[in-house]
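Engineer: have a look; sequence and predicted model below, questions after that.
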Amino acid sequence: MKFAIKRSRETRVYMNSGKNIMGKNKGFRSLVFDASGVLLADSKLRKPGEGPEEGMNIGCPAQEQEVDHFIEFLKKTSPLKEDQLEIIKKRFRENKQ
């Protein structure tokens, strides 16, 4: 598995089928792509039916819905096992306090 991380104060735009999936001035987002450049997961929490340019960036997850989204993100993009994901979930839920 290869990782490439780009950070910038100015949000970079990733074009996928001509759509801006990052947005403008939205802060840092986590994006994971497969080897051919297809977006697998990102850190935007969306309502059902919302497209990739919509939704709210969860940042550092604290609320239950944000933590659940982050855990699903990790399930899609990492080899972490359920017991490891439970440890992560427990720790991030402590952020709410």
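Structural biologist: Now that the structure is in, tell me what you want to look at.
Engineer: any idea how far residue 68 is from residue 85?
Structural biologist: 11 Å (C-beta to C-beta, to the nearest Å). Where you see a C-beta, it was placed from the backbone N, CA and C, and this is true even at glycine.
Engineer: check residue 45 too.
Structural biologist: 18 Å.
Engineer: and the spatially most central residue of the chain, its phi and psi?
Structural biologist: Closest residue to the average C-alpha location of the chain: residue 43 at 2.0 Å, with C-alpha atoms, centre = their mean. The phi and psi values for residue 43, taken as degrees, to the nearest 10, are phi -90, psi 20.
Engineer: isn't it up against residue 32?
Structural biologist: No - using C-beta atoms under 8 Å, residue 43 is not in contact with residue 32; the gap is 9.4 Å.
Engineer: now for the two: what residues contact both?
Structural biologist: In terms of C-beta atoms under 8 Å, 6 or more residues apart in numbering, residue 43 and residue 32 are both contacted by the residues residue 73.
Engineer: pLDDT wise, what is residue 46 at?
Structural biologist: Listed pLDDT for residue 46 reads 91.
Engineer: so for stretch 45-55, what gets flagged as buried?
Structural biologist: For stretch 45-55, the neighbour count (16 or more other C-beta atoms under 10 Å) marks 45, 52, 55 as buried.
Engineer: ok, the closest residue to residue 63 other than its chain neighbours to residue 59 distance?
Structural biologist: Once flanking residues are discounted, residue 63 sits nearest to residue 96: 6.3 Å by C-beta to C-beta, 6 or more residues apart in numbering. Distance of residue 96 to residue 59, given as C-beta to C-beta: 13 Å.
Engineer: same question, residue 77
Structural biologist: 17 Å.
Engineer: for stretch 32-47, buried residues please.
Structural biologist: 32, 41, 42, 43, 44, 45.
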